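> Fold the following for me, if possible:
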Amino acid sequence: MFIKKLEGAINMDKHHIVAGLDLGTSKVSVVIAEVSPEKKINIIGVGESSSEGMRHGVVINLEKTINSIKTAVHDAQVMAGIEIGPICVAVTGEHIKGMASKGVISIGSRNEGITNADVERVRESAKGIAIPTEREIIHTLTQDFIVDNQPNIVDPVGLMGMRLEAIIYIITGSSLALGNIKKAVERAGLVVDMMVIQSLASSYAVLDSEEMHQGVCLLDIGGGVTNIAIWYGGSLRDIGLVKLGGEAITRDIAMGLATSRTYAEKIKIEKSAAHPSYLDLEEIIEIPGTAGRGPRKINTEKLYDVVEARVEEMLDFSYRRIKRSEYAHNLASGLVVTGGCANLKGILEVGEELFELPMRVGIPTNDLSGMVEAVSSPSFSTCVGLIKYTVMDKEENNVKRIYTSQDTFMDRLKKWISDFF
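Below you'll find the model as predicted:
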């Protein structure tokens, strides 16, 4: 990526700069990192702003979205002392869909065995399905290789065989929804380097390889939606979404206690919990009134009743979606909950009672240096995951590159070179 140094900027001659943008329902986040030649990630800039133009992963107000992006990017750039170039953007929403597709090729009787060219051919064969014109491919992720009916082959290169099969997980999104996000980012003065689905990005931030192999489900509970990603055998197997998140809890508190949304958010963070073990249910809380009304006093139990009901509903919908997956019984490592709502006290206890599986909170601080404290919250999992995803081998991940209509041939050539050197 190409950067412009600001006054006092650090020397980046031998380092690569990457940036991630998370467009949430409640906030917009940007993280900038310096990546060494050894792919060590050093966090150098973080920015946040309130999100008023996004809902459930879709742009509902272009100008407000642009302003939110500009504010978050500005703060991150000032902290980092640089201006960022192309940026990796997380996408989510009901329009994101995943499906498995199988490809088959004949190898013949070559002595050298299966080659990289064969792997690429079988992948292309698996991708040869009809995609509706109103949709576009975001990811093509390899799940399994099969050589002469022998399944679960991790890397078939060099193996002898007559027949090679590949199962590819193809993730698509609405061209219109993705186009609106791309337009907002470009109007904010940035270039979209790539788009990555939110649950995949967050997975790389908070899951370890052992969990991915043994079987694990990620619940990324943001402001507007809960993203679900199921991993098994080291591959992403299924994705899903529930249109409930932390904003629903805030809204319920505001309505149930007859107070403002601003105070409801404050009391959700400071006083509420999803499990009674974290609360003194007899404690008295003073609730400010609205529209000139005086304050009222309630006991914590009433607040708990509101929060518990919504959290149980949110997790129950997630549970039902997971149960529909053919990999629902392959979750030996249990569940990992992340996203802003993972900070809610008691959510693990409620989740473990419902799912009857071990559950932990995912915090994106592993393998990072620099301003780690600034991102040591589940709410930054997606941004940190975007950084980690960006520095990985793009051939392995088969990332869909996004180019603007203004890109010249030289711009594209420089981006292509940066992928390989």
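
> The lengthiest helix in the chain: how far from the chain's middle?
When the chain is parsed with DSSP state H, its longest helix is helix 300-323. Relative to the centre of its chain, helix 300-323 is centred 22 Å away, using Cα atoms, centre = their mean, to the nearest Å.

> Okay, now the unreliable bits of this protein?
Low-confidence segments of the chain (pLDDT under 70): 1-15, 393-421.

> Got the domain ranges for it?
Using automatic domain parsing, the domain parsing of the chain gives 97-173, 209-362.

> wait, which of those domains is closest to residue 195?
domain 97-173 (5.8 Å; Cβ to Cβ). Yep, even glycine has a C-beta here, placed from its N, CA and C like the rest.

> So what would you say the end-to-end distance of that closest one is?
Domain 97-173 has its terminal residues 6 Å apart, counting by Cα to Cα, to the nearest Å.

> Also stretch 70-90?
Using Cα to Cα, the end-to-end distance of stretch 70-90 comes to 16 Å.

> now stretch 76-84
OK, stretch 76-84 end separation, Cα to Cα: 9 Å.

> list the buried ones in that stretch?
Within stretch 76-84, the residues that count as buried by 16 or more other Cβ atoms under 10 Å are 76, 77, 79, 80, 81, 82, 83, 84.

> Can you list which of these are found in helices?
Filtering those for membership in helices, criterion DSSP H, returns 76, 77, 79, 80.

> Report how many residues lie close to the residue nearest to the third one when sequence neighbours are not counted.
Nearest non-adjacent residue to residue 79, counting by Cβ to Cβ, 6 or more residues apart in numbering: residue 45, 4.2 Å away. Other residues near residue 45 come to 24 when the count uses other Cβ atoms under 10 Å.

> With residue 392 instead?
Residue 392 sits with 12 neighbouring residues when counted by other Cβ under 10 Å.

> Going by contacts, tell me the helices and strands next to the longest helix of the chain.
Here helix 300-323 touches strand 216-221, strand 226-232, strand 235-242, helix 246-256, strand 284-287, helix 347-355, going by 3 or more Cβ pairs under 8 Å, 6 or more residues apart in numbering; DSSP states H and E.

> what's the angle between the third one and strand 226-232?
The reference is to strand 235-242. If you take axes from the mean of the first three to the mean of the last three Cα atoms, to 10 degrees, strand 235-242 sits at 160 degrees to strand 226-232.

> quick one: strands adjacent to strand 235-242?
strand 226-232 (antiparallel) (DSSP bridges).

> From the chain's centroid, how far away is the strand it pairs with?
Mean-position distance between strand 226-232 and its chain equals 10 Å (Cα atoms, centre = their mean).

> Let's see that strand as PDB, backbone CA atoms only.
C-alpha atoms of strand 226-232 as PDB (Å, rounded to 0.1, in the frame of the first residue of the first chain):
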ATOM      1  CA  THR A 226     -25.000 -11.100  15.300                       C
ATOM      2  CA  ASN A 227     -22.600 -12.700  12.800                       C
ATOM      3  CA  ILE A 228     -22.100 -16.500  13.000                       C
ATOM      4  CA  ALA A 229     -19.100 -18.400  11.600                       C
ATOM      5  CA  ILE A 230     -18.700 -22.200  12.100                       C
ATOM      6  CA  TRP A 231     -15.200 -23.700  11.600                       C
ATOM      7  CA  TYR A 232     -14.200 -27.300  11.400                       C
END
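
> And the helices in the chain, which stretches?
Taking DSSP H, the helices of the chain run over residues 62-80, 116-126, 175-187, 198-206, 209-214, 246-256, 261-270, 300-323, 347-355, 381-391, 394-397, 409-420.

> what about those helices, which gets the closest to residue 329?
Among the helices of the chain, the nearest to residue 329 by Cβ to Cβ is helix 300-323 (9.4 Å).

> Check what contacts that closest one and list those residues.
Contact with helix 300-323 is made by 217, 219, 221, 226, 228, 230, 240-242, 244-245, 248-249, 252-253, 256-257, 267-268, 271-276, 279-285, 328, 344, 346-347, 350-351, 354-355, as judged by Cβ atoms under 8 Å, 6 or more residues apart in numbering.

> Just the buried residues of those.
Buried by 16+ other Cβ under 10 Å: 217, 219, 221, 226, 228, 230, 240-242, 244-245, 248-249, 252-253, 256-257, 267-268, 271-275, 279, 285, 344, 346-347, 350-351, 354-355, out of the contacts of helix 300-323.
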